[in-house]
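Engineer: What shape does this take:
(2 chains)
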Amino acid sequence: AQSVSQHNHHVILSEAASLELGCNYSYGGTVNLFWYVQYPGQHLQLLLKYFSGDPLVKGIKGFEAEFIKSKFSFNLRKPSVQWSDTAEYFCAVILYNQGGKLIFGQGTELSVKP
Amino acid sequence: EAQVTQNPRYLITVTGKKLTVTCSQNMNHEYMSWYRQDPGLGLRQIYYSMNVEVTDKGDVPEGYKVSRKEKRNFPLILESPSPNQTSLYFCASRGTDYEQYFGPGTRLTVT
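Structural biologist: Below you'll find the predicted structure:
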């Protein structure tokens, strides 16, 4: 079955540290990938998305992600995190063979210590 | 402002008492869906609707119903809620670019 795996369930960093959150998907067809962020008590917001073209995608708030097709990965990165980045992060993939259904990973909770 | 609204935001109820969570979007989107979010499980799709009068089951439809009589509204109905339906629920609508827009969430507790 198609799935999305986020390897880190909870990441704790100090401010200014670099961040990389892993995301792998199992789907052999054409993929479009997303990272969503959920700040405490809020709804999900789109951080960035990959549809085609340059595999290095830049999103809001200094985040970027790299699509590596050979590794079925779409890792999220940020060179220097801030306390305000404390949130839960979700990777998601669209399954076009299922009517465009969006499959989410389990989520990674990021805690940034000031 | 483009948005998805849900009501209520918080709900505490008892087992077996029917409830409805409303969802409305003002973006004229055809596709809408409901998710539940549980710790360690991410978001799982309950039901979705490709357009008016067309709905289908997602991954975890048991115990839920939906209806789509108008494009903008997509209510979630729990006919006989049970404690295992205690969760955080999100409604979402999707544009032609496949980006999903989420509502603010409804935190449901069933005792």
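Engineer: So which residues on chain B come close to chain A?
Structural biologist: Residues of chain B that fall close to chain A, judged by CB under 8 Å from any CB of the partner chain: B:31, B:33, B:35, B:40-45, B:48, B:50, B:56, B:58, B:90, B:94, B:98-100, B:102-105. For glycine as for every other residue, the C-beta is placed from the backbone atoms N, C-alpha and C.
Engineer: Drop anything exposed from those.
Structural biologist: Neighbour-count burial (16 or more other CB atoms under 10 Å in any protein chain shown) is assigned, among the residues of chain B next to chain A, to B:31, B:33, B:35, B:42-45, B:48, B:50, B:58, B:90, B:94, B:99-100, B:102-105.
Engineer: Give me the residues contacting the helix or strand hosting residue B:90.
Structural biologist: Per DSSP states H and E, residue B:90 falls inside strand B:87-94. Contacts made with strand B:87-94 from outside it, assessed by CB atoms under 8 Å, 6 or more residues apart in numbering or on different chains, are listed as A:43-44, A:100, A:102, B:4, B:6, B:21, B:23, B:25, B:27, B:29-38, B:43, B:46, B:74, B:76, B:100-103, B:105-108.
Engineer: go again using 6 Å as the cut-off
Structural biologist: Applying CB atoms under 6 Å, 6 or more residues apart in numbering or on different chains, the external contacts of strand B:87-94 come out as B:4, B:6, B:23, B:25, B:29, B:31-38, B:100-103, B:105-107.
Engineer: Which other helices and strands does the lengthiest strand in chain A contact?
Structural biologist: As far as residue count goes, and with DSSP state E defining each element, the longest strand of chain A is strand A:87-95. Contacts of strand A:87-95 with other secondary structure elements, assessed using 3 or more CB pairs under 6 Å, 6 or more residues apart in numbering or on different chains; DSSP states H and E, are made with strand A:33-38, strand A:101-104.
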